[in-house]
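S.K.: From the sequence below, what's the structure:
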Amino acid sequence: MQRLYDFLRRHPTGVDTFWAVVLFGLSGMVVASVSGGSDRHHMSLVAGMAVSAILCVVLALRRRFPEPMLLVALATGLAQLVLDVETTVADFAMLVITYTVAAVGARWASRLALAVSLCAAGLAQIRWPAEHSSFAGQIAIAVFQTVPFALAWVLGDSMRTRRAYFAQLEERAARLEKEREAQSKVAVAAERARIARELHDVVAHNVSVMVVQADGAAYVLDAAPDQAKKALETISSTGRQALAEMRRLLGVLRTGEHQESGEYVPQPDVEQIDDLIEQCRSSGLPVDFKVEGTPRPLPSGVELTAYRIVQEALTNTRKHGGPNAGASVRLVYFDDGLGLLVEDDGKGAPHELYEEGGADGRGHGLIGMRERVGMVGGTLDAGPRPGGGFRISALLPLKPAH
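M.R.: Here you go, the predicted structure:
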């Protein structure tokens with residue numbers, strides 16, 4: 001059944017042609033049955049069949065050429081009045097073409113069809129008045145015959161309005177989708193540029209350390225060989241770390257130069273999370289902070305990412321958690337990585353904010369989290385807690401993924 005329906009939708013002209021043939025056959029039988037053997041009846045039969053054929057062509061081609069077929073139907077109806085060809089079954093095509101131009105035709109054709117439809121039944125009643133009927137009865141018959149044409153036009157115009165409404169909705173949805181994608185790309189590009197600046201600071205710091213250590217090693221090379229050796233080991237480890245940070249940096253740099261204003265400042269690390277939490281507590285947000293495992297030095301990119309995640313998570317708690325929300329921060333040192341768990345018991349952020357890409361330009365903080373975590377090869381999970389509130393968990397490896 002579905003295949004048949006799809007076939008009929010793909011071949012509308014073929015369907016109309018089929019019904020036109022059926023209508024022509026019915027009209028021919030009716031015209032032949034009312035015609036006699038006289039010459040006058042013979043002429044009436046020829047004229048009736050010609051009118052029926054033309055109206056059936058109108059029915060077959062109504063969807064491909066709605067405006068021309070309306071004009072052909074009007075000319076045929078006028079010829080019926082002038083040549084005294086009484087109405088036949090094929091005149092049903094006039095009702096169909098009225099609906100068609102109201103639904104898909106030009107506005108002038110729709111208005112013309114409405115005007116003619118309101119007058120057609122009255123003109124037909126005047127040309128072929130009903131026998132043994134009073135004047136009031138003839139008016140009633142004309143009104144009764146006008147109602148189907150008016151309903152056909154109203155139905156067609158309603159279909160036109162409905163199609164226009166759905167087309168507008170589809171266009172609006174497509175436009176919003178494009179705007180959302182564009183805003184998401186802009187947010188990701190801006191966040192990557194910001195991450196690139198921060199990683200530049202990290203790399204610059206490591207290079208500075210290497211320069212200082214190299215100068216020190218050159219100064220004590222003859223007097224204290226052990227100190228020089230230690231300085232060279234520091235240069236080696238710092239250089240490897242700087243190379244790793246530079247690889248991540250090159251992964252987010254965009255094509256072309258991007259000029260930035262302002263001076264570079266040192267970036268925060270894991271040890272400054274305590275200061276961040278104290279700042280949140282002083283602003284009225286109760287925060288429970290615990291460190292599990294054995295603290296140890298971490299790569300600068302991992303420390304910066306951990307700090308920014310905690311900072312953004314607590315900011316989201318203040319924005320979306322409500323007036324009485326509280327938060328907890330867990331920092332877990334594993335053998336091969338650093339785990340972060342930030343939870344709150346507030347209302348939680350709307351669902352659109354933690355979907356991929358945010359919502360209509362919002363949720364850029366979580367976009368930034370994903371970008372930062374991806375930079376160090378980690379994983380991030382953000383969403384509502386089963387018992388209410390919001391949860392952000394991240395695992396940051398100490399070594400970048402290959």
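S.K.: got any ranges where the stretch 101-250 of the chain has weak pLDDT?
M.R.: 132, 194-206, 208-209, 212, 245-250 (pLDDT under 70).
S.K.: repeat that for 80
M.R.: Within the stretch 101-250 of the chain, the segments meeting pLDDT under 80 span 127-138, 187-213, 215-216, 234, 237-250.
S.K.: Residue 371 contacts residue 193, doesn't it?
M.R.: No. Using Cβ atoms under 8 Å, residue 371 is not in contact with residue 193; the gap is 10.4 Å. From N, CA and C alone the C-beta is placed, and that goes for glycine too.
S.K.: Those two: which has the busier surroundings?
M.R.: residue 371 (18 against 15; other Cβ atoms under 10 Å).
S.K.: what's the distance between the more buried one and residue 389?
M.R.: Residue 371 is 24 Å from residue 389, where distance means Cβ to Cβ, to the nearest Å.
S.K.: hey, where'd the helices end up in this protein?
M.R.: 2-10, 12-34, 39-60, 66-83, 92-104, 107-127, 135-220, 225-252, 273-282, 300-320, 364-375 (DSSP state H).
S.K.: most packed of the ones you listed?
M.R.: For the helices of the chain, the largest average neighbour count (mean count of other Cβ atoms under 10 Å) is found in helix 92-104, namely a mean of 23.
S.K.: about what we covered before: redo the helices of the chain as TSV? Include distance to residue 329.
M.R.: Output for the helices of the chain, formatted as TSV (distance: least, Cβ to Cβ, whole Å):
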stretch	distance to residue 329
helix 2-10	56
helix 12-34	65
helix 39-60	75
helix 66-83	68
helix 92-104	63
helix 107-127	65
helix 135-220	21
helix 225-252	25
helix 273-282	6
helix 300-320	6
helix 364-375	14
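S.K.: So for residue 336, which of those helices sits nearest?
M.R.: helix 300-320 (11.6 Å; Cβ to Cβ).
S.K.: helices or strands next to that closest one in the packing?
M.R.: Packing partners of helix 300-320 (3 or more Cβ pairs under 8 Å, 6 or more residues apart in numbering; DSSP states H and E): helix 135-220, helix 225-252, helix 273-282, strand 327-333, strand 337-344, helix 364-375, strand 390-397.
S.K.: how far is the third one from where the chain is centred?
M.R.: The reference is to helix 273-282. 40 Å (Cα atoms, centre = their mean, to the nearest Å).
S.K.: ok, back up a step: adding distance to residue 26, write the helices and strands packed on helix 300-320 out as TSV.
M.R.: Conversion of the helices and strands packed on helix 300-320 to TSV gives the following (distance: least, Cβ to Cβ, whole Å):
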stretch	distance to residue 26
helix 135-220	18
helix 225-252	74
helix 273-282	84
strand 327-333	79
strand 337-344	75
helix 364-375	67
strand 390-397	70
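S.K.: tell me the mean pLDDT over stretch 285-301?
M.R.: Taken as a whole, stretch 285-301 carries a mean pLDDT of 88.
S.K.: tell me which residues in that stretch are buried?
M.R.: 285, 287, 289, 298-301 (16 or more other Cβ atoms under 10 Å).
S.K.: Could you tell me the end-to-end distance of it?
M.R.: 28 Å (Cα to Cα, to the nearest Å).
S.K.: Backbone torsions only: list them for residue 63.
M.R.: Main-chain dihedrals, residue 63, degrees, to the nearest 10: phi -80, psi -30.
S.K.: Excluding chain neighbours, give the residue nearest to it in space.
M.R.: Nearest residue to residue 63 in three dimensions, chain neighbours excluded: residue 12, at 5.2 Å (Cβ to Cβ, 6 or more residues apart in numbering).
S.K.: Which among the helices and strands packed on helix 300-320 is found nearest to residue 107?
M.R.: Among the helices and strands packed on helix 300-320, helix 135-220 comes nearest to residue 107, with 9.4 Å by Cβ to Cβ.
S.K.: and that closest one, how far out from the chain's middle?
M.R.: 6 Å.
S.K.: Show me what it is packed up against.
M.R.: helix 92-104, helix 107-127, helix 225-252, helix 300-320, helix 364-375.
S.K.: would you turn these into JSON lines with distance to residue 7?
M.R.: Below are those laid out as JSON lines (distance: least, Cβ to Cβ, whole Å):
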{"stretch": "helix 92-104", "distance to residue 7": "21"}
{"stretch": "helix 107-127", "distance to residue 7": "29"}
{"stretch": "helix 225-252", "distance to residue 7": "53"}
{"stretch": "helix 300-320", "distance to residue 7": "53"}
{"stretch": "helix 364-375", "distance to residue 7": "47"}
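S.K.: count of neighbours near the nearest residue to residue 378 once chain neighbours are set aside?
M.R.: Setting aside the residues directly before and after it, residue 378 is nearest to residue 396 in space (Cβ to Cβ, 6+ apart), at 4.2 Å. Number of residues near residue 396 (other Cβ under 10 Å) recorded here: 25.
S.K.: residue contacts, residue 396?
M.R.: 302, 305-306, 337-340, 373, 376, 378 (Cβ atoms under 8 Å, 6 or more residues apart in numbering).
S.K.: Between those residues, which sits nearest residue 319?
M.R.: residue 340 (19.1 Å).
S.K.: Looking at the buried residues of stretch 285-301, which is nearest residue 330?
M.R.: residue 289 (8.1 Å).
S.K.: hang on, the earlier thing: closest one to residue 346 among the helices of the chain?
M.R.: When these are compared by Cβ to Cβ, helix 300-320 sits nearest residue 346, at 6.1 Å.
S.K.: Residue 269 against residue 302, yeah?
M.R.: No. Between residue 269 and residue 302 there is no contact under Cβ under 8 Å: 9.2 Å.
S.K.: Give me the nearest residue to residue 324, chain neighbours excluded.
M.R.: Residue 324 sits nearest to residue 346 (Cβ to Cβ, 6+ apart), 7.6 Å away.
S.K.: quick one, phi/psi of the one you found?
M.R.: According to degrees, to the nearest 10, residue 346 has phi -90, psi -160.
S.K.: Touching, it and residue 320? I think so.
M.R.: Yes. Residue 346 lies in contact with residue 320 (Cβ under 8 Å); the separation is 6.6 Å.
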